[in-house]
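Enquirer: Sequence and predicted structure below; questions after.
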Amino acid sequence: MAMRLATWNVNGLRARLDFFFAWLDARKPDVVGLQELKLTEEQFPFLELQARGYVAQVLGQKSWNGVAVVSKEPATVVQRGLPGREADGARLISVDVSGIRFSTVYVPNGKSVSHADYAKKLAWLDRLVEHMGEIHSADRPGLIGGDFNVVPAAIDSWDEDRLQGHIFHTAAERARLEALTAVGLSDLYRAKHPEAQAFSWWDYRGGAFHKKQGLRIDLIYGTPALKARMTDAVIDRDFRKKQAGLTASDHAPVWVDID
């Protein structure tokens, strides 16, 4: 059975709700992990989603962070919050849905390499890698998608020469992403498009989107059992543009199709 599995940092779901519904209607994902909800579970639009044939599992937080998994089929929660790093906010939720272990994450930003939050970001990523190794196995379809706030490699930045060593572009951050491969997870977009330079985030300021000054920081990793079923991987750039007068998130949705 073909399925579409997606990730999207919506940058405030209440501000983006009609835009999100337009995307759901157009792209019809089977499962989507959302980040940066900026609302509590009590504020989440469960009924509106139900009317569109979707259910949701949510880990909310007032005004900041917040993650959810929205799916056509019922999902069972496996983990709410990254174990041992709960104080860093509502940044991870994992579910079992349609035979897939599906995790969505919102990695701390880190602010700058000189800020105290940078060390916390690295510690969070270390724990994430460890946790992914605990809950995923090579022979079971599994996926982790989200806003990683790390540019995996030079090709994923609009200006690696200028930004190398700065936040999102450091060797230490990239080493944590590489560590995900050591626990059996592959960057699915890069596996499908080994030489493509494509971005998933563009600053609202300075016309960055139109100038193609972006970063690929919204990523989907999969286990070998899921990667073997992948038929396509897409950064949905069209939904970084305004739709019917509605303002987009600064992130584009990203999805993989599997058979």
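Expert: Looks like it arrived, so ask away.
Enquirer: Heading C-terminal from the lengthiest helix in the chain, find the next helix or strand.
Expert: Using DSSP state H, we find that the single longest helix of the chain is helix 116-135. Using DSSP states H and E, the next helix or strand after helix 116-135 towards the C-terminus is strand 142-147.
Enquirer: Run me through the strand neighbours of that next one, direction for each.
Expert: Its sheet considered, strand 142-147 pairs with strand 100-106 (parallel), strand 218-222 (antiparallel) by DSSP bridges.
Enquirer: Serialize the ones you listed to CSV and add fields for distance to His136 and mean pLDDT.
Expert: For the C-beta atoms, the positions are set from N, CA and C on the backbone; glycine is no exception. As requested, those are arranged in CSV below (distance: least, C-beta to C-beta, whole Å; pLDDT from 0 to 100):
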stretch, distance to His136, mean pLDDT
strand 100-106, 6, 98
strand 218-222, 9, 99
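Enquirer: Can you redo these as CSV, where the extra columns are distance to Arg85?
Expert: Output for these, formatted as CSV (distance: least, C-beta to C-beta, whole Å):
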stretch, distance to Arg85
strand 100-106, 11
strand 218-222, 18
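Enquirer: which parts of the longest helix of the chain are buried?
Expert: The neighbour-count check on helix 116-135 (16 or more other C-beta atoms under 10 Å) flags 118, 120-122, 124-125, 127-129, 131-132, 135 as buried.
Enquirer: Summarise which helices and strands that helix is packed against.
Expert: Contact partners of helix 116-135 among helices and strands, from 3 or more C-beta pairs under 8 Å, 6 or more residues apart in numbering; DSSP states H and E: strand 76-80, strand 92-97, strand 100-106, helix 171-182.
Enquirer: Restrict it to CA atoms and write it as PDB.
Expert: Extracted in PDB, the C-alpha atoms of helix 116-135 (Å, rounded to 0.1, in the frame of the first residue of the first chain):
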ATOM      1  CA  ALA A 116      25.200  28.300  26.500                       C
ATOM      2  CA  ASP A 117      22.300  26.800  24.400                       C
ATOM      3  CA  TYR A 118      24.800  25.400  21.900                       C
ATOM      4  CA  ALA A 119      26.200  22.900  24.400                       C
ATOM      5  CA  LYS A 120      22.600  22.000  25.400                       C
ATOM      6  CA  LYS A 121      21.800  21.400  21.700                       C
ATOM      7  CA  LEU A 122      24.700  19.000  21.300                       C
ATOM      8  CA  ALA A 123      23.700  17.100  24.500                       C
ATOM      9  CA  TRP A 124      20.100  16.900  23.200                       C
ATOM     10  CA  LEU A 125      21.300  15.500  19.900                       C
ATOM     11  CA  ASP A 126      23.500  13.000  21.700                       C
ATOM     12  CA  ARG A 127      20.600  11.700  23.700                       C
ATOM     13  CA  LEU A 128      18.400  11.700  20.500                       C
ATOM     14  CA  VAL A 129      20.900   9.400  18.700                       C
ATOM     15  CA  GLU A 130      21.000   7.100  21.700                       C
ATOM     16  CA  HIS A 131      17.200   7.000  22.000                       C
ATOM     17  CA  MET A 132      16.800   6.300  18.200                       C
ATOM     18  CA  GLY A 133      19.100   3.400  18.600                       C
ATOM     19  CA  GLU A 134      16.900   2.100  21.400                       C
ATOM     20  CA  ILE A 135      13.500   2.300  19.600                       C
END
